[in-house]
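Colleague: Fold the stuff below for me.
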Amino acid sequence: MKKNRQALIAKMIRENSISTQEELLALLLAAGVTVTQATVSRDIKEMHVVKRPDAAGNYRYCLPAAAHEQSSSKYMSILLGSVVYTDVAMNTVVLKCHVGTAQAACAAVDYIGLEDVAGTLAGDDTVFILCYTLEAAAATKEKLDRLFGF
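Modeller: Below you'll find the predicted structure:
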């Protein structure tokens, strides 16, 4: 019973934006599960459910794996909000960023793990992405341009 309930809780968290135990309890009761708020609280703790801000800044419950996905989303948001344009110079992709955002954009590039990248370097408004080959730099720039909508 507990295992089934926790599986249902996980499904509900994945499919709904739930920000309180009361909301989760109401969904469980509506699904025909007889449960108390104290049991929901214990389940949340046992399942390592965490609250994270969503894209709108509202906190909602996330499963541990979803917390990683939200980090990815956060990094993508940083990239999309930072980069003004891209360029390529030999085997280096250059990201021109808004002033003061290059360090965060560079960390986001590192986090998303682009292929054929030897390393990154950031200044105040510029990120250098060193690729292994000229072809890899061109492919990386093209991939980033599609991501940024350039």
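
Colleague: May I have the residues that are in contact with residue 59?
Modeller: Residue 59 makes contact with 19, 51, 52, 53 under the criterion C-beta atoms under 8 Å, 6 or more residues apart in numbering. For the C-beta atoms, the positions are set from N, CA and C on the backbone; glycine is no exception.

Colleague: What sits closest to it if chain neighbours are left out?
Modeller: Nearest in space to residue 59, with sequence neighbours left out and distances taken as C-beta to C-beta, 6 or more residues apart in numbering, is residue 51 at 4.6 Å.

Colleague: so that neighbour touches residue 63, yeah?
Modeller: No: in this structure residue 51 lies outside contact range of residue 63 using C-beta atoms under 8 Å: 11.5 Å.

Colleague: the more surrounded of these two?
Modeller: Taking other C-beta atoms under 10 Å, residue 51 and residue 63 do not tie; residue 63 has more neighbours (17 against 14).

Colleague: ok, now how distant is that one from residue 24?
Modeller: 13 Å (C-beta to C-beta, to the nearest Å).

Colleague: thinking again about what came up before, between the contacts of residue 59, which has the most around it?
Modeller: residue 52 (16 neighbours).

Colleague: So which elements touch the helix or strand that contains it?
Modeller: Residue 52 belongs to strand 50-53 when elements are defined using DSSP states H and E. Judged by 3 or more C-beta pairs under 8 Å, 6 or more residues apart in numbering; DSSP states H and E, strand 50-53 is in contact with strand 59-62, helix 64-82.
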